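K.L.:
What shape does this take:
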Amino acid sequence: MTLADISEFGNWLRPPQGLQSFISITELRIEDCSNLISFPEVCFLINLSTLEIINCDALTSLPKGMNDKNACLGSLKMNYCNSLTFIVRGKLPSSLKKLEIEGCEKLKFLWDDNEESCTSVVDEESPNNTNTSLLEYLDVKKCPSLKCLSSSGHLPQTLRTLSLLSLPKLESIAESFRNNKSLEEISVWDCRNLKSVPEGLHNLSHLRKINICYCENIDCLGEEGPPNTNLSELEISKCEKLKALPNWFHSLNSLKSLTLSDCPSMTSFPEEGFPTNLTSLYIVGLNVKMYKAVFEWGLHNLTSLTSLWIWGLPEAESFPQQELEMTFPPSLTRLNIYNFPNLKCLMGEGFRNINSLEVLRIDNCPNLTSFPELSLPSSLDSLYIEGCRNLESFSKLGLPSSLSYLMIWECPEVRSFPEQGLPSSLLRLHICFCPKLKEECKRDKGKEWSKISHIPRVEIDGRNIYDPLYSETSTEFHNMIDRSKLLFDYRIGGRLPIGL
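P.N.:
Residues are numbered from 1 along each chain as shown. Below is the predicted model of the structure:
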């Protein structure tokens, strides 16, 4: 049932025709009711399992009956109710499993569970702590005044998923996680006032995923450990004051995916290195000392690694770096090299032992002019060359016979393919923002046409050249296509135009 844009909401609250007369209602959405201030006389609908209140700007309190013993409210969503300063005083409804809050400007805390505050919305005989709550999912976002989740600093013991986004004044998540052993996922984004993660991470044996991003004042992740956890995914991004990974980091034996991104103060790398069971590693915009420490430790030690992103290594002129005797693990299937501003050479030696490599992406390397001696693995299926503005030619050794997809994007100086042509295995060629190469690939006219004519699908600037409507002289196709019409798809490591 939905009640929307009702100016005289009081009529709906008074018996006998009030809301309580709809006793069988299980779902209720109240939206855009600007005059709704409270539910003073309403007997809460005991069969209501889902309640959503959206854009009710004057609302200051919720129904008293939410905590009735017979109530079965399981899901509560509060969006853009800008007069609310709290959700409940006292304990959360014992039946509540899912709580979602968004855009409540004056909200200072979610529940006030201090002893002296257990009045107002709650039955006085109810226990005044969150331990009786069955809450499993908590999602809070875009509440600029929120300083804490609960006044006591405790979270429900049953909580499994905690998601916090854009809470600029949040000072504390909880006193500790010691009693939150059911937690499986923790996601904290854009909480700039937060300085630390609660103690007790090592007690979270069910924890699978941690994301901490855009928390510029967090300076440590806690030194308790080693963690008794099944953590499989860890992301730490844009934490500008974080100086080091915790000492227990190497003992995360279940960790499969690790992202370390834009943490410029992080200069200390654990002596024991990365957890060796990693399958996916994404390292972006780190301090030069950190990069060097990682490479000296040796990526080849990650014997299960299948996907590697290396992003933003400003000092490197060659890669992989021979002076560090850097090699990749043979298990690698996807390699992404992005934003190497001074890279001049790709070293063929570093690629020879990765015989399982299927996807290679080289992106935004403006000083790379050629890779004449680069011998690509015979397993390679997809090759993406993007944003290499001074690249002029491909490897003299040609492209592997296994290649089925080739993308050349924003390489304006490239005008030809390898002398020996393109492999017969190639099923799709995508060329975009490469004016010289585009000219040489004109159908039946260009010098490179004979090298691409066998490919079943060829797209140039987002258009299939075999389309009957395609015309090289048409204004629609001749002009540079609007970049806003292109879909950036990083799931496979490259960019694909809409509709392809």
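K.L.:
I'd say residue 246 and residue 210 touch.
P.N.:
No: counting by C-beta atoms under 8 Å, residue 246 stays clear of residue 210, with 11.6 Å between them. Glycine gets a C-beta too; all of them are placed from N, C-alpha and C.
K.L.:
pLDDT below threshold where in the stretch 151-300 of the chain?
P.N.:
223-228 (pLDDT under 70).
K.L.:
How about the contacts made by the nearest residue to residue 413 once chain neighbours are set aside?
P.N.:
Spatial nearest neighbour of residue 413, excluding adjacent residues (C-beta to C-beta, 6 or more residues apart in numbering): residue 392 at 4.9 Å. Residue 392 is in contact with 369, 370, 413, 414, 415, counting by C-beta atoms under 8 Å, 6 or more residues apart in numbering.
K.L.:
want to try TSV for those residues, with secondary structure and pLDDT as columns?
P.N.:
TSV is the format used below for those (DSSP: H, G, I helix; E, B strand; the rest coil; pLDDT from 0 to 100):
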residue	secondary structure	pLDDT
369	coil	86
370	coil	79
413	coil	95
414	coil	94
415	coil	92
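K.L.:
Present these as JSON lines; the columns should include neighbour count.
P.N.:
JSON lines is the format used below for the contacts of residue 392 (neighbours: other C-beta atoms under 10 Å):
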{"residue": "369", "neighbour count": "16"}
{"residue": "370", "neighbour count": "18"}
{"residue": "413", "neighbour count": "15"}
{"residue": "414", "neighbour count": "24"}
{"residue": "415", "neighbour count": "19"}
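K.L.:
just checking, residue 291 is part of a helix?
P.N.:
Yes: when DSSP: H, G, I helix; E, B strand; the rest coil is applied, residue 291 is found to be in a helix.
K.L.:
Leaving out sequence neighbours, find the closest residue to residue 446.
P.N.:
Nearest one to residue 446, counting by C-beta to C-beta, 6+ apart, is residue 440 at 4.4 Å.
K.L.:
Roughly how far does that neighbour sit from residue 391?
P.N.:
Distance, residue 440 to residue 391, by C-beta to C-beta, to the nearest Å: 15 Å.
K.L.:
more neighbours, these two?
P.N.:
residue 391 (23 against 18; other C-beta atoms under 10 Å).
K.L.:
Which positions in stretch 176-186 come out as buried?
P.N.:
Buried residues in stretch 176-186, counted by 16 or more other C-beta atoms under 10 Å: 176, 177, 179, 180, 181, 182, 183, 184, 185, 186.
K.L.:
okay, now the closest residue to the second one other than its chain neighbours: neighbour count?
P.N.:
To tie it back to what came earlier, the one meant is residue 177. Spatial nearest neighbour of residue 177, excluding adjacent residues (C-beta to C-beta, 6+ apart): residue 200 at 3.7 Å. The tally of other residues near residue 200 (other C-beta under 10 Å) stands at 19.
K.L.:
I'd guessed residue 200 sits against residue 176; true?
P.N.:
Yes: counting by C-beta under 8 Å, residue 200 does reach residue 176; the two are 4.3 Å apart.
K.L.:
so what's residue 50 up against?
P.N.:
26, 27, 28, 73, 74, 75.
K.L.:
got a list of what the fifth one touches?
P.N.:
Pointing back at residue 74 there. By C-beta under 8 Å, 6+ apart, residue 74 lies in contact with 49, 50, 95, 96, 97, 98.
K.L.:
Now secondary structure too, for the residues you listed, in JSON lines please.
P.N.:
Below are these laid out as JSON lines (three-state DSSP):
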{"residue": "49", "secondary structure": "coil"}
{"residue": "50", "secondary structure": "strand"}
{"residue": "95", "secondary structure": "coil"}
{"residue": "96", "secondary structure": "coil"}
{"residue": "97", "secondary structure": "coil"}
{"residue": "98", "secondary structure": "strand"}
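K.L.:
where do the helices sit along this protein?
P.N.:
Under the criterion DSSP state H, helices of the chain are mapped to 288-297, 435-440, 449-452, 475-478.
K.L.:
Now render those as a markdown table, adding distance to residue 87.
P.N.:
Shown next, in a markdown table, are the helices of the chain (distance: least, C-beta to C-beta, whole Å):
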| stretch | distance to residue 87 |
| --- | --- |
| helix 288-297 | 42 |
| helix 435-440 | 58 |
| helix 449-452 | 62 |
| helix 475-478 | 55 |
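K.L.:
so which of these gets nearest residue 145?
P.N.:
With C-beta to C-beta as the measure, helix 288-297 is the member of the helices of the chain nearest residue 145 (36.3 Å).
K.L.:
Name the residues of the closest one that come out as buried.
P.N.:
With burial defined by 16+ other C-beta under 10 Å, the residues of helix 288-297 counted as buried are 290, 291, 292, 293, 294, 295, 297.
K.L.:
Any chance of CSV for those residues, columns distance to residue 408?
P.N.:
Converted to CSV, the buried residues of helix 288-297 look like this (distance: C-beta to C-beta, whole Å):
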residue, distance to residue 408
290, 32
291, 28
292, 32
293, 35
294, 30
295, 29
297, 34
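K.L.:
returning to that earlier point: so which of the contacts of residue 74 wins on neighbours?
P.N.:
Ranking the contacts of residue 74 using other C-beta under 10 Å puts residue 96 first, with 26 neighbours.
K.L.:
show me what contacts that one?
P.N.:
Taking C-beta under 8 Å, 6+ apart, one finds 73, 74, 75, 76, 133, 134, 135 in contact with residue 96.
K.L.:
surely the first one meets residue 51?
P.N.:
Yes: under the contact definition of C-beta under 8 Å, residue 73 touches residue 51, with a separation of 6.1 Å.
K.L.:
more crowded one of those two?
P.N.:
Using other C-beta under 10 Å as the criterion, residue 73 and residue 51 rank with residue 73 on top: 26 against 22.
K.L.:
can you pull the contacts of that one?
P.N.:
By C-beta under 8 Å, 6+ apart, the contact list for residue 73 reads 44, 48, 49, 50, 51, 66, 93, 95, 96.
K.L.:
With residue 412 instead?
P.N.:
389, 433, 434, 435, 436.
K.L.:
From residue 392, how far off is it?
P.N.:
In terms of C-beta to C-beta, residue 412 sits 10 Å off from residue 392.
K.L.:
Same check on residue 99?
P.N.:
Residue 99 is 58 Å from residue 392, by C-beta to C-beta.
K.L.:
With residue 249 instead?
P.N.:
Distance of residue 249 to residue 392, given as C-beta to C-beta: 43 Å.
K.L.:
cool, residue 404 as well?
P.N.:
Taken as C-beta to C-beta, the span from residue 404 to residue 392 is 25 Å.
K.L.:
now swap in residue 28 and tell me
P.N.:
Residue 28 is 65 Å from residue 392, by C-beta to C-beta.
K.L.:
cool, residue 72 as well?
P.N.:
69 Å.
K.L.:
what does residue 177 give?
P.N.:
Where residue 392 is concerned, residue 177 sits at a distance of 55 Å (C-beta to C-beta).
K.L.:
cool, and residue 463?
P.N.:
25 Å.
K.L.:
Ok, residue 334 next?
P.N.:
Where residue 392 is concerned, residue 334 sits at a distance of 26 Å (C-beta to C-beta).
K.L.:
Can you tell me the closest non-neighbouring residue to residue 314?
P.N.:
That would be residue 341: by C-beta to C-beta, 6+ apart, it lies 5.6 Å from residue 314.
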